[in-house]
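Visitor: sequence plus the predicted model coming up.
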Amino acid sequence: MTLAVHGLTKAYGTKRVLDGVDLTVASGEIHALLGPNGSGKSTLIGCLSGAVVPDAGTVHIADQPLTDITPRRAIEAGIAVIYQHFSLVDSLTVAENIFLGSEQHARGRVDQKSQAVEAAMLLEPFGRPIRPESRLSDLRVGDRQLVEIAKALHRHPRVLILDEPTAALGEQEASQLGRFLKGLRAEGLAILYVTHILSEVFAIADRATVIRDGAVTLASPVAKLDAARVIAAISPSTSSEAARAPAIGRGDDAATALQVTGLVVDGIGPLDLSVNRGEILAIFGLLGSGRTEILEALYGARRIQAGRLTVGDRPYRPRSPSQALGSGIALVAGDRLRQSILTKMSALDNVLLPHFRSVATFGFRPKRRERQVFDSVAARLSLKPPDPTPLAWAFSGGNQQKLAVGRWLAAGDGVDVFLLDEPTQGIDVGARADLYVLLRALARDEGKAIVFTSSDPEETIALADRIMILLRGRIIAVLTTAECDEHRILAIAHGTADDGLGVPAATEGRGHTDDR
């Protein structure tokens, strides 16, 4: 075995985060690690990388004990970790990021040309047009993830640990990454693959381990597993049927909440869309299809170049997010840590950030009233822990996302249209089910209009009443969930659907955009 963990234990105060975890990853194996948010996955990775000191247990690399692990000793032993949250420098180029800390030199200077050539070779298998000389700040989130992976592979590790590597990738890019990892497996690399996406487990993994509350609840070859057994090990109280229960819309006779005609933004469109009160509308598209740009334009975060918009029966032309909020439209951004959550502020302050003035009394913050608002939001979200005092960084990814959604729940009746960009990206089955239940309740019980983007066809069918499919900035199909399955959605989104699929004409706008 290349990596062997026995009896790993870690506690913070009286809370035992890891409780005697055993894990083995063989050379030439992809081993999937799953578990709900807060289960101990991140702590386990921290122990293997040297960032966290375990209280007990052993770690062996190729039968050699690894003791007193520090980040440098872990790297020297051949452990490379790709974290969910990037460790890249925006102001540097792609090549400079890949070689940061291990620069190549010639004649006493950094050899930029050699680094660019090798960086291009590392990036080529991903099939994305990422140029080594590009500034990292100019890249999309998904491409930044690929640079992070190339940076780790540059060190030729013996054990590669990937923490939610496809959270920021589209379906096509995730598939390319899966094929690439299979190639690394064939070369004898040991890969520990942390994910919450069950389809990835069955597509690429050889073995799977589930941990919950710091303990192993399932360890098995993937060939002997099915989805129901894995979900039960992750979250016994959450059935796959509950997580996939169809949305219940309010029908075509409901009042229109948002109407968009001829929208053009950043070369996307022109396109039309509408969403009714009580309806959940999905905008499905692959990375680069324009789905995020559409939501940001509707929220006033991108300049609208052309188009006519109405909210209810009122003309609407947002020029800023504050103007959008004033019209009852709120956005939960896709890049949680960069655009939604302030990690060094408390959970309470994150939720109440836009509402301090409305909650204040004579210019002062009423602590009791603020706590009441937070407690109400935390209960609706099943926030764990339901505590207003911890800083946001201390919450798991799923609960950080709940804080981002809760910010707009705290607005009460002030928000009529919820825009959510990849709302369950990087969160586990249990937290995902909690958000599904909440969004359905907002639509069905409160008449809110929900518009969300996704690159996950399973999620799209599970949550939406209607699905708009984007391809290179154009709406090429508008379907109800009864009219499609996952294969059909992906075929349309890839532009590979044939006449046998019966794709209807795009009745909500056809436009043109440059390839993105």
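Guide: All right, it came through fine.

Visitor: and the longest helix seen in the chain, what does it pack onto?
Guide: When every helix of the chain is counted residue by residue (DSSP state H), the longest turns out to be helix 429-446. For helix 429-446, the packing partners by 3 or more CB pairs under 8 Å, 6 or more residues apart in numbering; DSSP states H and E come out as helix 227-234, helix 240-243, strand 280-284, helix 367-381, helix 397-409, strand 417-421, strand 449-454, helix 457-463. For every residue, glycine as well, the C-beta is placed using N, CA and C.

Visitor: ok, the closest residue to A360 other than its chain neighbours - how many residues close by?
Guide: Nearest residue to A360 in three dimensions, chain neighbours excluded: P366, at 7.0 Å (CB to CB, 6 or more residues apart in numbering). Neighbour count for P366, taken as other CB atoms under 10 Å: 13.

Visitor: next one: E486
Guide: Residues near E486, counting by other CB under 10 Å, number 15.

Visitor: next one: the one 5 residues further on
Guide: Residues within reach of A491, counting by other CB under 10 Å, total 19.

Visitor: so it is in which element?
Guide: Per DSSP states H and E, A491 falls inside helix 486-493.

Visitor: same for that helix, what does it pack against?
Guide: Counting contacts by 3+ CB pairs under 8 Å, 6+ apart, helix 486-493 packs against helix 457-463, strand 466-471, strand 474-480.

Visitor: buried stuff in it?
Guide: Neighbour counts over helix 486-493 (16 or more other CB atoms under 10 Å) mark R488, I489, L490, A491, I492, A493 as buried.

Visitor: contacting residues for the last one?
Guide: Read that as A493. The contact partners of A493, by CB atoms under 8 Å, 6 or more residues apart in numbering, come to E171, F284, G285, L286, S289, I469, L470, L471.

Visitor: excluding its backbone neighbours, what's nearest the last one?
Guide: Translated: L471. G495 (5.3 Å).

Visitor: so the one you found, which state does it fall into?
Guide: coil (DSSP: H, G, I helix; E, B strand; the rest coil).

Visitor: list the contacts of I30.
Guide: L181, K182, R185, I191, Y193, I204, A205, D206, R207.

Visitor: could you measure from it over to T209?
Guide: 12 Å (CB to CB, to the nearest Å).

Visitor: verify the contact between H154 and M121 for me.
Guide: No. The criterion here is CB atoms under 8 Å, and H154 misses it with M121 at 9.9 Å.

Visitor: and these two? which has more neighbours close in?
Guide: Using other CB under 10 Å as the criterion, H154 and M121 rank with H154 on top: 18 against 12.

Visitor: give the burial count for R432, as a bare number.
Guide: 25.

Visitor: mind saving the C-alpha coords of stretch 434-448 as PDB?
Guide: Extracted in PDB, the C-alpha atoms of stretch 434-448 (Å, rounded to 0.1, in the frame of the first residue of the first chain):
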ATOM      1  CA  ASP A 434     -31.900  20.700   3.000                       C
ATOM      2  CA  LEU A 435     -31.500  23.400   0.300                       C
ATOM      3  CA  TYR A 436     -33.900  21.500  -2.000                       C
ATOM      4  CA  VAL A 437     -36.500  21.400   0.700                       C
ATOM      5  CA  LEU A 438     -36.000  25.100   1.400                       C
ATOM      6  CA  LEU A 439     -36.200  26.200  -2.200                       C
ATOM      7  CA  ARG A 440     -39.300  24.200  -2.900                       C
ATOM      8  CA  ALA A 441     -40.900  25.700   0.200                       C
ATOM      9  CA  LEU A 442     -40.100  29.200  -0.900                       C
ATOM     10  CA  ALA A 443     -41.700  28.600  -4.300                       C
ATOM     11  CA  ARG A 444     -44.600  26.400  -3.300                       C
ATOM     12  CA  ASP A 445     -45.600  28.000   0.000                       C
ATOM     13  CA  GLU A 446     -44.500  31.600  -0.300                       C
ATOM     14  CA  GLY A 447     -44.900  32.200  -4.100                       C
ATOM     15  CA  LYS A 448     -41.200  33.100  -4.600                       C
END
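
Visitor: and that stretch, what's buried?
Guide: By neighbour count on 16+ other CB under 10 Å, the buried set for stretch 434-448 is D434, L435, Y436, V437, L438, L439, R440, L442, A443, R444, G447, K448.

Visitor: please name the nearest non-neighbouring residue to the first one.
Guide: What it means is D434. Leaving aside its chain neighbours, D434 sits nearest to S382 (4.7 Å; criterion: CB to CB, 6+ apart).

Visitor: kindly report the same for the third one.
Guide: What sits nearest to Y436 in space, not counting adjacent residues and going by CB to CB, 6+ apart, is L463, at 5.8 Å.

Visitor: and the one you found, what does it touch?
Guide: A247, I280, A282, Y436, L439, R440, F452.

Visitor: could you dump the contacts of A493 to TSV with neighbour count and distance to P354?
Guide: Conversion of those to TSV gives the following (neighbours: other CB atoms under 10 Å; distance: CB to CB, whole Å):
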residue	neighbour count	distance to P354
E171	22	33
F284	29	29
G285	27	28
L286	23	32
S289	25	29
I469	29	32
L470	26	29
L471	20	35
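
Visitor: turn those into JSON lines, columns for distance to G35 and pLDDT.
Guide: Converted to JSON lines, the contacts of A493 look like this (distance: CB to CB, whole Å; pLDDT from 0 to 100):
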{"residue": "E171", "distance to G35": "23", "pLDDT": "66"}
{"residue": "F284", "distance to G35": "28", "pLDDT": "91"}
{"residue": "G285", "distance to G35": "30", "pLDDT": "84"}
{"residue": "L286", "distance to G35": "28", "pLDDT": "72"}
{"residue": "S289", "distance to G35": "31", "pLDDT": "79"}
{"residue": "I469", "distance to G35": "32", "pLDDT": "91"}
{"residue": "L470", "distance to G35": "33", "pLDDT": "88"}
{"residue": "L471", "distance to G35": "35", "pLDDT": "82"}
